[in-house]
Structure formats: C-alpha cells, structure tokens
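Visitor: please work out how this folds:
(one chain, ligands or ions: 2)
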Amino acid sequence: MEKTFYIETFGCQMNAHDSEKVVGTLLHEGYTQVETVEAAHYVFYNTCSIRDKAEQKVFNRLQHFKRDAGKGKVFAVIGCVAQQEGEKIFDRAPHVSLVAGSASYTKLPQMLVQLEAGNKRVTGLSLDTDEAFDTPFTRRDNPHRAYITIIEGCDKSCSYCVVPFTRGPERSRTSASVMEEARRLTDSGYSEIQLLGQNVNSYRDPSAAGWDFATLLDRVGTVGGIRRVRFTTSHPRDFVKPIVDAIDSNPNLCNHVHLPVQSGSSRVLEGMQRLYTRDQYMERISWMKNARRPIAITSDIIVGFPGETEKDFEETLSLLDEIQYDSIFSFKYSQRPDTAALQMSDHIPEEEKTRRLTIVQEKQRAIQIRQNSALIGAVEEVNVEGRHEALGLWVGRTSRNRTLNFTHAGPETGAELLGKYVHVHVTRGGPNSLAGETVN
Ligand code: 5AD
Ligand code: SF4
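Guide: Ligands and ions are numbered 1, 2, ... in the order given. Next comes the predicted model:
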C-alpha cells in the first residue's frame, strides 16, 4: 500500500501528457499505479484552471475524500491549479501534502523523497526553470498514438487567460531531442505522433540548427514508420504560410489545423489582446481553403467576453457562417485570477452568456450536420482506435480528425485491427461523427 499511487487528470492534452510523464517517473521510482483512490497511498490530482468550473472539480474531489486523509492517504495537487493557487491550497484543503506546478516536475523524485520522510507540506512552485520536463520514463496511455512536447509555456498575454501564469514563459526543446523521441517512438511501433505546446507555432529550436515550427513539422513527418503527425495548439498570430505548404506537400502531416479564433469581432479581439484582426485571421483561413489537400479547420470560441455587444456577438456568428468550421469548442467567458480582463467593465450576465453559447452551439451543430452529410459516399482512411462492443462497431479517426464508427466483416480480431489503417466507406453523417463500413 505504501508505494501505491492513483492519478486523475483534468484539462488539456498538455496535462494528459504531463500525467504520462509523471506516471512514468513514479513507476521508475518503484511506485505501483492503482485504479482507485481507495487502493492508493498517494492520490495525485493533475489539475486544470482554464475556467472556474475546471478549477472547482479538484476542490470537490478533495472535499469528497477528506476523511481518507486521516487514514494515512497522502494527497497531492499538481498542475495548473497548484501553480495558480500555490500554498493557498493548504488553507482550503489542509489534508493536501504536495502542491507542485508543471515547471517543477523535474524535481518530483526529490519531492517524493520528502513525502516518504513524513514531510507533511511539500511545494514545487518555481516558474524559473529552464528545463523542460523531458523524461525518458514516460508511460504512454495509447499504444498507437503518442504525444511529444515541443514547447512549454506561453509568451502571449491574452487578457482572459491564466496559462502564462500557470505554465510560465516559453521554452522550446532542441530539434535533435524531438527527432530522437520521434524515431524512438516509431521504432517501438507508434505510427501517429501529436506535437504539443501551448503555442506550437512559436517553436524556435534553441540549438544551432535553428529550425522553426514548419521545418520541425515537415521533418517529423519524414521519420520512417510515421503515418500521421498532428499538432496543437496554434496561435493565429504565429501561424505562417509555410505550415500550410508543409501539410500540402507531405501526406503524413494530417490535414487538420486547430486555429482558435475566440471571437469574430476585431474590437473584442483587441480587448482580448489576441494580436490579430478578423481580416488577418481570414487571410490564414484562405491559405488553408486554397490548399491542394482539403484541410479541416477547427476552432475555440469564447462568448460573453467583457463588453461584448450584440453586434460583436453577431460577428462571431457570421464568422462561423463564413468559415464553416469542421468543429469548434465553445465556452462562456470565465473570470480568472490575475488576468487583465478581470479589471474590465461591462461583464456580461451569466444568463446572457448562456443564451449566446446556446446560439453558437446550435449554429455550429447545423454546420456540422451539413459538412458530415456531404461526406456520405466518400472513402476515408481511418486509424482504428477502439471497439464499441455493445454496438458492434469499430471506432476510427480520419486524417481530418473526424470520428468514424464502422462495421467490419473481415476475420480480424480486436487485437489485430486496433492501431491499423483501414479504408471505410462513409454511409451516414451525424453532427459529431460519421458511420460506415470497411471496403475490401
Ligand atoms: N474563459 C473562457 N474560456 C477560456 N479559454 C481560455 N481562457 C478562458 C476563459 N477565461 C478557452 C479559449 C482557449 C481554450 C483552451 O479555452 O477558447 O482557446
Ligand atoms: Fe491545460 Fe491551460 Fe488547463 Fe493548464 S489551464 S490544464 S494548460 S488548458
């Protein structure tokens, strides 16, 4: 029991990948991962603070298991809420013993030693580390698709966003270490790689090679054994045409770009300190719409930013009409500590934010139904990711990042089909996925 741990992860893919690194590090240190809080001695929550709701989740969990702390369980809060709230977490949840932000994970083994020694309050909150958390012990959750962090932190200062405070300034990894990790992954059977960073487009190789993001993307796409390369997240300000050219010329690079716009109103974009106008964003969209390969475009939208008028909101709706995104994530603006937008006047009432969110989501749903219906009859290559036993369906993902549920009449058993690339004839399209059957 003493050497067991449980970990629950909230938030984005950066956090999911951080957890893979934390798990790998803990296993290397001789700990055993268990599936329930009950079975664990150490309970880790890797937390997200992007919106208030995400932050509340961890405090709800801590509250729920409060009594267990008395029975010798050790609670650790790591990730973005840890970085943001720091030692205040000990006041809110006195049964927590470890609070550490992502920039301190390289020191995790030492922090664990302190916990082992019976230390009741251990913190790792420094943000001035030059090191990325680049560990050889990463325990990857998915056997076919692997994440590689290429850049940590964020140097932008969007007025609504807490990330620069929770993840610190930008630090890029050397291109040599990224390429080596990519080769190691394909050698051990991975065929899909997802390059990760808060803003991958501002990647700058710190070594003499000096690669920019487009070059790195292109080179990762040439590693032997690679079938698919994805990347997230992009910032429109740093998204340049050579990225589209790379996708256009290398079929191993997935034809999907997630390019968060946040708002269709240049006035709101200025208040958000996004550093681009609607027209500049549309120029980037036109590069993709004019590419030889059809590139799926997805986005993030915030409604109800302080001072957003009905007219501003309608500009977001007209942007959705104009672009016809393949999918979006949409959110109500949420006030975050330390951010510039907190000080702005004209905060929008909650009911109005809810109304605007519903309108955005209904509009986008109609767009997706149209887009997905237009794919009926097409044959798509999918990577087989899972099996829906109850429905008798396989679950795959297309290069354009659509989920395609399909039937397969062949003799393959689950183990043989998972991770494979098969061609599927699309027979139906819903708002969020496609359905079809394999072609022989
Ligand atoms: N309120 C609402 N949504 C936010 N996001 C980031 N900060 C906030 C906030 N304070 C959204 C943005 C970002 C996505 C990851 O989360 O749309 O692109
Ligand atoms: Fe990811 Fe940002 Fe949430 Fe941190 S705050 S987990 S970086 S989305």
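
Visitor: count of residues packed around the closest residue to residue 63 other than its chain neighbours?
Guide: Once flanking residues are discounted, residue 63 sits nearest to residue 93: 7.5 Å by C-beta to C-beta, 6 or more residues apart in numbering. In this view, the C-beta of every residue, glycine as well, is placed from N, C-alpha and C. Residue 93 sits with 20 neighbouring residues when counted by other C-beta atoms under 10 Å.

Visitor: wait, doesn't residue 93 sit right on residue 62?
Guide: Yes: using C-beta atoms under 8 Å, residue 93 makes contact with residue 62 at a distance of 4.3 Å.

Visitor: could you check how far whichever residue of the stretch 251-400 of the chain sits closest to ligand 1 is from residue 200?
Guide: The nearest approach of the stretch 251-400 of the chain to ligand 1 comes at residue 300, 3.3 Å away (C-beta to the nearest ligand atom). Using C-beta to C-beta, to the nearest Å, one gets 15 Å for the distance from residue 300 to residue 200.

Visitor: so which of these two has more stuff around it?
Guide: When residue 300 and residue 200 are compared for neighbours, residue 200 comes out ahead with 24 against 14, by other C-beta under 10 Å.

Visitor: can you point out the buried residues in the helix or strand where the residue of the stretch 251-400 of the chain closest to ligand 1 lies?
Guide: Using DSSP states H and E, residue 300 maps to strand 296-303. Using 16 or more other C-beta atoms under 10 Å as the test for burial, strand 296-303 gives 296-299, 301-303.

Visitor: quick one: contacts for the residue nearest to residue 63?
Guide: 59, 62-63, 66, 75, 77 (C-beta atoms under 8 Å, 6 or more residues apart in numbering).

Visitor: closest to ligand 2 out of these?
Guide: residue 77 (12.7 Å).

Visitor: now do the shared contacts for residue 93 and residue 62.
Guide: Shared contacts of residue 93 and residue 62 (C-beta under 8 Å, 6+ apart): 75, 77.

Visitor: what's the closest non-adjacent residue to the residue in the stretch 101-250 of the chain that ligand 1 sits nearest to?
Guide: Here the residue of the stretch 101-250 of the chain nearest ligand 1 is residue 160; by C-beta to the nearest ligand atom that distance is 4.0 Å. Leaving aside its chain neighbours, residue 160 sits nearest to residue 341 (4.6 Å; criterion: C-beta to C-beta, 6+ apart).

Visitor: so that neighbour belongs to a helix, correct?
Guide: Yes: assignment of residue 341 by DSSP: H, G, I helix; E, B strand; the rest coil places it within a helix.

Visitor: before we move on, the earlier item: the residue of the stretch 251-400 of the chain closest to ligand 1 contacts residue 333, correct?
Guide: No: if you go by C-beta under 8 Å, residue 300 and residue 333 don't touch, sitting 12.0 Å apart.

Visitor: quick one: contacts of stretch 334-352?
Guide: Residues outside stretch 334-352 that contact it (C-beta under 8 Å, 6+ apart): 49-53, 84, 157, 159-162, 165, 271-273, 304-308, 332-333, 356.
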